[in-house]
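> Provided below are the primary sequence and the corresponding predicted coordinates.
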Amino acid sequence: MGVPLPRPAALAARLKAPIEEWPYLDEGVLLKTRSRKVCMTCHWFRHHAGVNCIPVLTCQLNQGLIAHGEHLTSRCQGWTDDMTRSQGWAPEVA
C-alpha cells in the first residue's frame, strides 16, 4: 500500500463537511450546453436525499452543489461518460 498524498487544507475541510454545506457551482465552473453532455449524464453526478427528503444534486469531481435545473442544461470541463455505459454494469465481476 502506498502512502496517501497530502491534500490542500481547503479540500480536506470540504471533504469533511456535510454535502449540504458544499458551495454551489457557478458560471465559472458550469458551462451551458445543448448536447447530451450535461451534468445528469456525467460519471461524477450524484443526487442525495437532503433535509425533508428534498433532492440535493452534487458534482463529486468539483465537490459542489448543482442548482436544480442546471443539471439538465450545463456541464463542466471535467465531464466524462458514465462508467456504467462505457464499461457495462459491474465490469469487475466479468
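Sure, I can see it.
> is it true that I19 touches Q60?
No - using CB atoms under 8 Å, I19 is not in contact with Q60, being 9.7 Å away. The C-beta positions use only the backbone N, C-alpha and C, and glycine is treated the same way.
> and the residue nearest in space to the middle of the chain, how far is that from W44?
Geometric centre of the chain, nearest residue: C59, 1.6 Å, by CA atoms, centre = their mean. As judged by CB to CB, to the nearest Å, C59 and W44 stand 5 Å apart.
> same question, R75
In terms of CB to CB, R75 sits 10 Å off from W44.
> neighbour count: the two, which is higher?
R75 (23 against 16; other CB atoms under 10 Å).
> so who does the more buried one touch?
L30, L31, T33, K37, V38, C39, C42 (CB atoms under 8 Å, 6 or more residues apart in numbering).
> run through the bridge partners of it.
On the basis of DSSP bridges, R75 is bridged to L31.
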